[in-house]
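Novice: Sharing a sequence plus its predicted fold:
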Amino acid sequence: MNLRDRFAVSLFHRAAEPALEWQGTTHTFGEIDARSNRMAHALTARGLTRGDRLCVYLANSPDFIDLFLACIKLGVIFVPINILYRERELNHILSDADPKLYITDAELHSLRASAADQSSELSAVPLTMDSPAALVYTSGTTGVSKGAVLTHGNFHFNGSTLVKEWRITSDDRFLLALPLFHVHALGNGIHCWLLSGCLMRLLERFEHEKATATFLDFQPTLFFGVPTVYVRLLETAPDAAREIGQRMRLFVSGSAPLPAQTLEDFRKLFGHTILERYGMTETLMNISNPYDGERRPGSVGFPLPGITVRVANSEGQDVPDGETGEVYLKGPNVFAGYWRREEASRNAFDGEWFKTGDLCVRSADGYHTLCGRRSDLIISGGFNIYPREIEEFLMEQPGVSEAAVVGEAHPVRGEVPVAYLVAREAVDLAALEATCRQSLASFKIPRRFELVEKLPRNALGKVQKHLLQRTGA
């Protein structure tokens with residue numbers, strides 16, 4: 001059993017049904033299956049076989065999906081590359097992954113032409129759920145980017161779990177605007193689509209100027225986004241927001257922390273409480289707020305079925321509820337290790353438990369609230385400071401739309417917090433500091449407030465704090 005077998009529920013059994021909308025054209029599931037089979041033959045003609053790597057540096061398109069499915073069917077390891085990466089980052093991935101073929105826009109045309117003449121039938125390749133499906137590189141913010149080996153089983157467990165937990169069915173209309181090179185769109189979006197058999201409209205990218213018109217035209221019931229997308233959607237006119245909300249079933253947010261204020265503002269405007277969840281490249285999805293029940297602001301909810309989560313201290317011992325610790329987890333979602341990095345793979349685990357590097361607090365009733373990365377932890381004069389707590393407070397203040405708090409070296413205290421702010425209107429920094437002094441412990445008060453036009457973010461909207469730290473040094 002492998003992903004091709006599991007995708008057959010849609011690609012074969014729903015062959016005549018509409019599957020994918022792209023720039024005004026609708027493809028059936030049968031057409032998607034045939035396209036990917038022809039692409040698989042074209043890759044085979046280029047010499048690719050089971051275990052080889054195919055690097056893909058492409059924006060969203062049906063061709064991207066064709067290539068992914070072709071790899072799944074052949075046992076070729078799919079290596080998506082962030083299209084924002086430039087020469088240095090590209091060279092590292094290409095050297096590390098050692099691909100048989102590297103596809104960019106320049107090579108795509110000839111490959112597409114070659115595929116057009118191929119057979120739409122494809123013999124099965126003997127693969128199992130333990131077979132590697134993709135090699136997805138981490139963002140590399142704290143060192144060299146590493147390739148996480150994700151198996152057919154990892155992807156299937158993740159997708160089938162989300163379909164069940166988030167009640168995704170063939171009746172859904174799914175709008176996907178996230179980049180397919182990231183596991184948010186690839187691991188969640190593509191797999192939820194194919195495993196549920198719903199209709200998906202794929203966008204090349206999210207364009208906030210066109211968002212209202214796109215929602216009203218497609219009338220989706222399901223949408224996956226990142227916090228920056230939801231902040232943009234708050235610009236939607238109230239009448240349009242109500243109309244969109246009436247047709248929607250579920251908004252999901254991930255890839256970066258969703259500010260509690262954004263969740264509340266969105267609920268008031270659209271009439272929906274965004275479902276926030278938590279995952280990462282190495283594990284896909286781990287924890288989710290419930291579909292039914294309280295979606296708690298600032299929290300990512302409960303472990304998904306089949307996944308076990310611990311909150312542990314630096315010695316790997318469980319901490320009591322209400323105390324901060326690192327998220328340890330195990331389950332069928334956990335990756336097979338880092339590509340050609342045995343030591344890094346060993347260091348990532350404590351026995352059978354994967355050490356995520358993410359800090360969180362579990363409440364007495366089981367909700368998990370993330371506090372940031374262990375590497376983001378600020379230790380000032382012996383006190384632990386969790387930046388997200390300060391960031392959430394700052395974003396509640398008038399005029400502040402975004403905030404990032406980082407540690408800056410200090411000769412006496414070791415580190416002190418510094419706040420970088422994006423303002424939507426004039427902000428009185430002296431008054432802001434006074435408000436912080438009234439509400440925060442003295443060691444948590446930012447020693448400096450910097451106004452910036454924007455925060456450095458990766459393609460999924462996650463703040464790249466190492467760039468702020470470099471700027472502030």
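Specialist: Perfect, thanks for sending it.
Novice: any idea how far residue 8 lies from residue 1?
Specialist: 11 Å (CB to CB, to the nearest Å). Just so you know, the C-beta spots here come from the backbone N, C-alpha and C atoms, and that holds for glycine as well.
Novice: Show me which of these two is the more surrounded one.
Specialist: Taking other CB atoms under 10 Å, residue 8 and residue 1 do not tie; residue 8 has more neighbours (15 against 11).
Novice: The more buried one looks like it's in a strand, true?
Specialist: No: counting by DSSP: H, G, I helix; E, B strand; the rest coil, residue 8 is not found in a strand; it is helix.
Novice: quick one: it from residue 73, how far?
Specialist: Applying CB to CB to residue 8 and residue 73 gives a distance of 11 Å.
Novice: Kindly report the same for residue 426.
Specialist: According to CB to CB, residue 426 stands 57 Å off from residue 73.
Novice: the more surrounded of the two?
Specialist: Using other CB under 10 Å, the more surrounded residue of residue 426 and residue 73 is residue 73, with 23 against 8.
Novice: Hmm, residue 125 and that one touching each other?
Specialist: Yes: using CB atoms under 8 Å, residue 73 makes contact with residue 125 at a distance of 6.6 Å.
Novice: Low-confidence regions, the protein specifically.
Specialist: For the chain, the stretches with pLDDT under 70 are 139-143, 469-473.
Novice: Quick check: phi and psi on residue 377?
Specialist: phi -60, psi 130 (degrees, to the nearest 10).
Novice: what about it, distance to residue 386?
Specialist: Noted for residue 377: a distance of 7 Å to residue 386, by CB to CB.
Novice: what residues do these two have in common as contacts?
Specialist: Applying CB atoms under 8 Å, 6 or more residues apart in numbering, one finds that residue 377 and residue 386 are jointly contacted by residue 359.
Novice: tell me the secondary structure for residue 135?
Specialist: At residue 135, secondary structure determined by three-state DSSP is strand.
Novice: dump the residue contacts of it.
Specialist: If a contact means CB under 8 Å, 6+ apart, then residue 135 has 53, 77-79, 97, 147-150, 339 as its contacts.
Novice: Outside of stretch 400-416 itself, list whatever touches it.
Specialist: For stretch 400-416, contacts defined as CB under 8 Å, 6+ apart pick out 231, 376, 378-381, 385, 387, 390-391, 394-395, 417-424, 427, 432, 443, 446-448, 454-455, 463, 465, 468-469, 472-473.
Novice: Could you do stretch 206-224 as well?
Specialist: In contact with stretch 206-224 (CB under 8 Å, 6+ apart) are residues 21, 168, 171-178, 184-185, 188-189, 198, 201, 203, 225, 229, 232-233, 235-237, 240, 243-244, 247-254.
Novice: now swap in stretch 343-360 and tell me
Specialist: Outside stretch 343-360, the residues that touch it by CB under 8 Å, 6+ apart are 146, 278, 280, 282-283, 286, 300, 310-312, 316, 324-330, 334, 337-338, 368-375, 377, 386.
Novice: Restricted to helices, list those residues.
Specialist: Secondary structure from DSSP state H places none of the contacts of stretch 343-360 in helices.
Novice: what number of residues lie near residue 456?
Specialist: Residue 456: 16 surrounding residues under other CB under 10 Å.
Novice: Provide the backbone phi and psi angles at it.
Specialist: The phi/psi pair for residue 456 (degrees, to the nearest 10) reads phi -70, psi 130.
Novice: distance of it from residue 195?
Specialist: According to CB to CB, residue 456 stands 35 Å off from residue 195.
Novice: And residue 375, by the same measure?
Specialist: Distance from residue 375 to residue 195, counting by CB to CB: 34 Å.
Novice: With neighbour numbers in mind, choose between these two.
Specialist: residue 195 (23 against 13).
Novice: Could you check how many residues crowd around residue 134?
Specialist: If you count neighbours by other CB under 10 Å, residue 134 ends up with 26.
Novice: pretty sure it is touching residue 186, no?
Specialist: Yes: between residue 134 and residue 186 a contact is recorded at 7.3 Å, counting by CB under 8 Å.
Novice: Give the intersection of the neighbour lists for those two.
Specialist: In contact with both residue 134 and residue 186: 68, 80, using CB under 8 Å, 6+ apart.
Novice: need the contact list for the residue nearest to residue 10 when sequence neighbours are not counted.
Specialist: Nearest residue to residue 10, sequence neighbours excluded (CB to CB, 6 or more residues apart in numbering): residue 197, at 4.2 Å. Residues in contact with residue 197 (CB under 8 Å, 6+ apart) are 9-10, 14, 17, 19, 29, 169-170.
Novice: can you rerun that using 10 Å?
Specialist: 7, 9-11, 13-14, 17, 19, 29, 163, 168-172 (CB atoms under 10 Å, 6 or more residues apart in numbering).
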